[in-house]
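Chemist: quick one, structure for this:
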Amino acid sequence: MDEKNHIITSPVMGTFYRSSAPGKAALVEEGQAITPSDIVCMIESMKIFTELRCEHPGIVKRFLVENEDPVMKNQALIEIEIH
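Modeler: As a prediction, this is how the structure comes out:
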């Protein structure tokens, strides 16, 4: 990635979720502006949910995995265009 893009990766092996609970709206959408305090997705591993936040302000460029996909530790999840 170049200086203007950042990839959010999974800190653990688990299941990727775009929302905080079944039936709830996605935490973020492609094209949405985000700040470092925004939760962008969740990873569930062994019934423990980990909230992921971006380290930089920017725009959600694209999701690299689908909702409820199994993910591996350090797998790329979301591409962020840094501002």
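Chemist: where does the protein dip in pLDDT?
Modeler: Residues of the chain meeting the criterion pLDDT under 70: 1-2.
Chemist: center of it, which residue is that?
Modeler: C41 (4.0 Å; CA atoms, centre = their mean).
Chemist: which neighbouring elements make contact with the helix or strand where it lies?
Modeler: Assessed by DSSP states H and E, C41 sits inside strand 39-45. When contacts are defined as 3 or more CB pairs under 8 Å, 6 or more residues apart in numbering; DSSP states H and E, strand 39-45 packs onto strand 14-17, strand 48-53, strand 76-82. Bear in mind the C-beta positions are built from the backbone N, C-alpha and C, glycine included.
Chemist: OK, contacts around I59?
Modeler: Counting by CB atoms under 8 Å, 6 or more residues apart in numbering, I59 makes contact with 31-34, 80-81, 83.
Chemist: returning to what we had before: nearest residue to the residue nearest to the centre of the chain in space, please, no chain neighbours.
Modeler: L52 (5.1 Å; CB to CB, 6 or more residues apart in numbering).
Chemist: OK, contacts around the one you found?
Modeler: Contact analysis of L52 by CB under 8 Å, 6+ apart lists 8, 10-11, 39-43, 77.
Chemist: buried subset of these?
Modeler: Neighbour counting by 16 or more other CB atoms under 10 Å classes 8, 10, 40-43, 77 among these as buried.
Chemist: re the thing from before, so which of the contacts of L52 is the closest to P22?
Modeler: Closest to P22 out of these is M42 (11.7 Å), distances taken as CB to CB.
Chemist: that closest one and R53 touch, don't they?
Modeler: No - using CB atoms under 8 Å, M42 makes no contact with R53, being 10.7 Å away.
Chemist: apart from its chain neighbours, what residue comes closest to E44?
Modeler: T15 (4.7 Å).
Chemist: could you measure from the one you found over to T50?
Modeler: Using CB to CB, to the nearest Å, T15 is found at 11 Å from T50.
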